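*Asks:* sequence and computational prediction follow.
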Amino acid sequence: MAGLNGEPFLGIDDNIEKLQYNNNSKEAIDKEGLVVGIGEDSSNNKNNNQGGEKDMAGNSIHRSGSRPQLDLSKAEIQGNSEERDPTILLPNQTDDISHLALDIGGSLIKLVYFSRHEDHSVDDKRKKTVKERFGISNGNRRNFPILGGRLHFVKFETSKLNECLDFISSKQLHRGGIDSHHWNSEAPANENAVIKATGGGAYKFADLFKERLGVSIDKEDEMDCLVAGANFLLKAIRHEAFTHMEGHKEFVQIDHNDLFPYLLVNIGSGVSIIKVDGDGKFQRVSGTNVGGGTYWGLGRLLTKCKSFDELLELSQRGNNRTIDMLVGDIYGGMDYSKIGLSASTIASSFGKAISDKKELQDYRPEDISLSLLRMISYNIGQISYLNALRFGLKRIFFGGFFIRGHAYTMDTISFAVHFWSKGEAQAMFLRHEGFLGAVGAFMSYQKHGLDDLMVHHLVERFPMGAPYTGGKIHGPPLGDLNEKISWMEKFVLKGTEITAPVPMAPPGTTGLGGFEVPSSRGATLRSDASALNVGVLHLVPTLEVFPLLADPKMYEPNTIDLSDHKELEYWFTVLSEHLPDLVDKAVASEGGTDDAKRRGDAFARAFSAHLARLMEEPAAYGKLGLANLLELREECLREFQFLDAYRSIKQRENEASLAVLPDLLLELDHMDEETRLLTLIEGVLAANIFDWGSRACVDLYHKGTIIEIYRMSRNKMQRPWRVDDFDLFKEQMLGSEGKKPRPHKRALLFVDNSGADIVLGMLPLARELLRRGTEVVLVANSLPALNDVTAMELPDIVAEAAKVCLSLQFHTNLLYLIPKMEVLVSQHCDILRRAAEAGGLLVDAMNNNTLDGSRGNSSSVPLMVVENGCGSPCIDLRQVSSELAAAAKHADLVILEGMGRALHTNFNARFKCEALKLAMVKNQRLAEKLIKGKIYDCVCRYEPAT
Ligand SMILES: CC(C)(COP(=O)(O)O)[C@@H](O)C(=O)NCCC(=O)O
Ligand SMILES: [Mn+2]
């Protein structure tokens, strides 16, 4: 049988890793990771006669044998095959296919589940034309059945297994999910339903799953899963790995071609140390029985703590000097400098307890907890390094539930690795640290095709999760909007802090290489189960890297460095202050109903909670840039179902601008070429003043009408602009010394705002390029963001603009008194219409509107519209739509317009083709920082092809 990806579904390699547990570890299988003294090389998987599966490098990957297989006979695409993520109907598929995998450990259950993207596709003719023109098929998606959806990460305490089962049942995850458009989702759970699980609990609770949910557990080997999970996360998630030294977290870019070999240290109850050489190729080289279970077990006995997190929290307020014997204690307060030991180095953990006449109750539990934490973290760091040394490995990734994003633990481990390796080896941590096994178990459903996903196919989002109150955990992210709003309201009433579903570990750390006590941040260390430091992973296989980026590896979209705390504070204040106005607009866009007000209120609280969270720990959601913040705001609006907050403002501005477009075009058309080009660029810069995201601009709009402000802005234009490469650009366009350069073949115009910005700025510029014989592709947002124009809206705007051109022609034909102008206009005024027709934009809108009744000239250079794949005021060119990537193939000019796309992001981006970056700087601070100028200064940056 052929797999959906066209490759055969090979049989099953039953040569499953046979781990030999040592004598004492039988019950330890129930705990996480306590598998000591095993050194079997699991990379020697033999293919048996059933055939083993090969990864892309030809390595064997073994899978267990009970996975369900898909019956693809009579498979067909349901609905419109041109849709972005069409549902595939498998009429003959009878097995239930689970979209859930579990890692059931001794203290936590980790759940990874999949849901399809909701079907928002609309009948968009533009898309169809674009696909035909650029020859885009659905080939990109490779027709994987499950791609095009979201991966969710949820944790439960193992002691609350029933809550976990209720959750699975309520979401019907064991059947494939009722809330998503799955094949066979109506089918009742059948006898054969199977879910993948790893961890000791997969054995321990198998009967309970059968009894409660009617599903069988297909047990996946824990080591296999850990490694598969770590490999996937390290390859597919841009900001997965980070270092943590002296309280400073820094994300590490992992080169996918240079990932292996590495050492994976999984710290569960016990510790496994695994050398990873490739996909499915690994060897458990060592381990230690002193791990998370030791910390928790000894800690519980010594401090009477009730939970792991309570113990960890205690350590935050501890001082281990009262209990540890330090070098200084032995050397009379002096360093032992000859062998490089400072007085504060721990000579012997708990060493003071031998000489003191104190009893257990004489020690503070806080101090005991810290001493224990340091002893164990240190020891793990040291053993890990020694193993790295054994195999000549420089990179050590630490995962497992013990770490739980705790800054002090990470610092201590890092310090040990750094200290013993003399800086040669590096300790790294993983954002999905606790989910490695669960991800691996999910990956073992081979049909998902997750192996082939690349980093640009994944987008991580951070929806609001269940808040928690009084330390009690309220489970997984809330799905239902109403439920979510209710939570928000409840917490407001109680005056309780609302938290995002992200890590609550404080940044507080010693700053001294783990040798001092942690700063006292106990109050902010929250319970682990509510503290997911991961968002929801959106799998979008249609996304591509923009092909015209000169050096995608070096590309960094964000211009402003938010790791500067002052900068971060400034932008947080800007966004907070903008909130009331944004909520007003959003509520008004939904008719100002009570429901809209309620949602508006919840949105404001949710976004404020995100800001507060990020202020506390800027790297909580991965590497933070201004673009991420601006996008988070848009996503948060969408989460509370505000799909287009500026809808009516955009419409009003479009109409007002279209009304003055004929006058502008007339004016332009009787200018000579050089003056016209300058006027056009001035026009783009002036019209970029229409920006409802800028505080200064919004203040301006109280003072005059849109057109008045536009005129004022144009009148104030004075060259040289603060960044002024116009002369270079002009030379490129018009040539010099009588030499006419060849016109550009195709220009991509990344447009920004609605209203004057698009109508009076970018469209006239597009018309000029078309007039010169350059194909023009308008690149606009896929989803609304502030007052930005979207790809969906553009065809109508272009159609209206073309209509205006026609009325202009009609009008000027009557103006026989000025025959010269008549000639000019009749030659040029229908450029937009013909180009739009040639580009397939006027399918409905214009067919019956040509005043002279003439049909469009399909041989004209086309004007096209493509969506960019974003719903944000900024653009990260590593993840753009396949439409845009296809349109870029023959482009030799890129024009980026607006602050978001040309300044906040991409100001430093280099392209393979010529690039023009145009923007008005509508923020004083940015003007000072970026161009040493002032507010309303302009940028016209031209860069030749690199
Ligand atoms: C959100 C924006 C990037 C949009 O600018 P645009 O791309 O439309 O030119 C910009 O308005 C902005 O940075 N605003 C926040 C700063 C301020 O209010 O001054
Ligand atoms: Mn904008």
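*Replies:* Yes, it's here. Ligands and ions are numbered 1, 2, ... in the order given.

*Asks:* residues near residue 161, how many?
*Replies:* Close neighbours of residue 161, defined as other C-beta atoms under 10 Å, add up to 18. Quick note: C-beta positions are derived from backbone N, CA and C, even for glycine.

*Asks:* hmm, I typed the wrong one, I wanted residue 353.
*Replies:* Using other C-beta under 10 Å: residue 353 sits among 19 other residues.

*Asks:* average pLDDT for the longest helix seen in the chain?
*Replies:* With secondary structure taken from DSSP state H, the chain has its longest helix at helix 365-391. What helix 365-391 shows for mean pLDDT is 96.

*Asks:* what comes into contact with whichever helix or strand comes after that helix?
*Replies:* Using DSSP states H and E, the helix or strand that directly follows helix 365-391 along the chain is strand 395-399. Residues from elsewhere that reach strand 395-399, judged by C-beta atoms under 8 Å, 6 or more residues apart in numbering: 226, 230, 234, 241, 262-267, 380, 384-385, 388, 410, 413, 417, 425-430, 433-434, 436.

*Asks:* over to stretch 302-312?
*Replies:* By C-beta under 8 Å, 6+ apart, the list of residues contacting stretch 302-312 reads 107, 292, 295-296, 299-300, 314, 360, 365, 368-369, 372-373, 404, 406, 409, 525-528.

*Asks:* what distance separates the start and the end of it?
*Replies:* End-to-end distance for stretch 302-312: 13 Å, by C-alpha to C-alpha, to the nearest Å.

*Asks:* name the helix or strand for the residue nearest in space to the middle of the chain, please.
*Replies:* Centroid-nearest residue in the chain, with C-alpha atoms, centre = their mean: residue 460, separated by 3.1 Å. If you go by DSSP H and E, residue 460 is part of strand 458-461.

*Asks:* find the nearest non-adjacent residue to the residue nearest to the centre of the chain, please.
*Replies:* residue 535 (4.5 Å; C-beta to C-beta, 6 or more residues apart in numbering).

*Asks:* one more: residue 413?
*Replies:* Sequence neighbours aside, residue 381 is the residue nearest to residue 413 in space, at 4.2 Å (criterion: C-beta to C-beta, 6+ apart).

*Asks:* quick one, strands of the stretch 801-946 of the chain?
*Replies:* Applying DSSP state E, counting those that start in this stretch to the stretch 801-946 of the chain gives strands spanning 863-867, 893-897, 914-920, 938-943.

*Asks:* typo on my end, the stretch 401-550 of the chain
*Replies:* Under DSSP E, counting those that start in this stretch, the stretch 401-550 of the chain gives strands at 426-430, 458-461, 536-539.

*Asks:* who does the second one pair up with?
*Replies:* Meaning strand 458-461. Strand 458-461 sits in its sheet next to strand 536-539 (antiparallel), going by DSSP bridges.

*Asks:* only the C-alpha atoms, please, for the strand it pairs with, written as PDB.
*Replies:* What follows is strand 536-539, C-alpha atoms only, in PDB (Å, rounded to 0.1, in the frame of the first residue of the first chain):
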ATOM      1  CA  VAL A 536       0.600  25.900  20.500                       C
ATOM      2  CA  LEU A 537       2.500  24.800  17.500                       C
ATOM      3  CA  HIS A 538       0.800  25.600  14.200                       C
ATOM      4  CA  LEU A 539       1.900  23.400  11.400                       C
END
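
*Asks:* kind regards, and thank you for your time.
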